[in-house]
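Chemist: let's see this in three dimensions:
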Amino acid sequence: MPRPRPAAPGRRWQRVSLNPHLSRRWKASLTAITIILVLAVCGIGSYLIVLDEQKGVQAQANTEAPKATSTPVDISSQVVDPVPLTESELFPNKSIVIDQKRPNEVYTLIDAQELTECKSATAGEITKLIEGMGCSQVVRGTLSTPAEGYVVTGGIMNLDTALNAEKAWDQIKKIVEGQKGRFVGYVIPSDKSTKALALASSVVGWTVKGHYVAYCVIARSDSKEIPKDDPFAQQIMEDIVQLYLKNRILEARANDPVVEGSPAGSVPASP
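Modeler: Coordinates of the predicted model:
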């Protein structure tokens, strides 16, 4: 490093020191600024934390399950579900639209009836089977179908327990496949098209929910035999047994609607 140059002749050097009071004011100012910055950072951090918590609470509120519109009803036996089925319960309207997306496809009720003797709706070994399962009633109705040339009887049998209904479902299959028994359609004397329901060539379908067996009998109004792969018969069976009798009528019996404004847990009386 080069050596410092000597002072010029006649020039005097003087050590300059900072004003001690001025130095302390700078330090105080810097300290205050530092404190303000720290408090600002902490405040922003706290605000963000609170904001996140509020968002979390709001998100949780938005993901809460919707209020129940119905409460389950036990239909496992006639003991807990003693009110009998009625004609108006199964067929409250003469016209039945299964799918609202198909409003032109309408089933029209020709006539309906309530039976206290289940044997009137069956033949062969199914009659003995159903009576042994504590069947106390059958409600059935015969309808014209959207498919021209077909007629169908749909009904529900009231057995004593859900266990017997399940047993009946399994054994009915064996009886029908062995041609040892069948369901009988409801023939209406005043309507000639329904006479075909009394023929052995009719097609049947059935299902179970609770202590009930829902079924249908399908026939061609011209009494001709229905092929096994007939698409119209398959659609009619699906519409009447599964979508209407089970998913609409029996599902309504298995659920009570919650009345708006009623106390929590309060439901209307069963039908």
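
Chemist: got the phi/psi numbers for Val106?
Modeler: Main-chain torsions, Val106, degrees, to the nearest 10: phi -120, psi 130.

Chemist: oh, that last question was meant for Val151, not what I typed.
Modeler: Residue torsions, per degrees, to the nearest 10, at Val151 are phi -140, psi 150.

Chemist: can you tell me the number of residues neighbouring Asp229?
Modeler: 7 (other CB atoms under 10 Å). In short, each C-beta sits where N, CA and C put it, glycine included.

Chemist: how about Ile218?
Modeler: Counted with other CB under 10 Å, residues neighbouring Ile218 total 27.

Chemist: give the pairing partners of the helix or strand where it lies; include direction for each.
Modeler: Ile218 belongs to strand 212-220 when assigned by DSSP states H and E. With DSSP bridges as the test, strand 212-220 is paired with strand 150-158 (antiparallel), strand 203-209 (antiparallel).

Chemist: helix or strand next in line after that strand, which one?
Modeler: Proceeding N to C from strand 212-220, the next assigned helix or strand is helix 231-237, under DSSP H and E.

Chemist: and of the strands paired with strand 212-220, who's closest to Glu177?
Modeler: Taking CB to CB, strand 203-209 is the member of those nearest to Glu177, at 11.0 Å.

Chemist: can I get the closest one in CSV, CA atoms only?
Modeler: C-alpha atoms of strand 203-209 as CSV (Å, rounded to 0.1, in the frame of the first residue of the first chain):
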residue,chain,number,x,y,z
VAL,A,203,-94.3,-63.0,-18.3
VAL,A,204,-93.8,-62.2,-14.5
GLY,A,205,-91.3,-60.3,-12.5
TRP,A,206,-90.9,-59.6,-8.8
THR,A,207,-88.7,-58.0,-6.2
VAL,A,208,-88.6,-57.4,-2.4
LYS,A,209,-88.4,-54.5,0.0
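
Chemist: so how far is it off the chain centroid?
Modeler: Centroid separation for strand 203-209 versus its chain: 21 Å, with CA atoms, centre = their mean, to the nearest Å.

Chemist: please identify the deepest-packed of the strands paired with strand 212-220.
Modeler: For the strands paired with strand 212-220, the largest average neighbour count (mean count of other CB atoms under 10 Å) is found in strand 150-158, namely a mean of 26.

Chemist: which helices and strands does the very next helix or strand once past that strand pack with?
Modeler: Counting by DSSP H and E, the next helix or strand C-terminal to strand 150-158 is helix 162-177. Judged by 3 or more CB pairs under 8 Å, 6 or more residues apart in numbering; DSSP states H and E, the packing partners of helix 162-177 are helix 125-132, strand 181-183, strand 203-209, strand 212-220.
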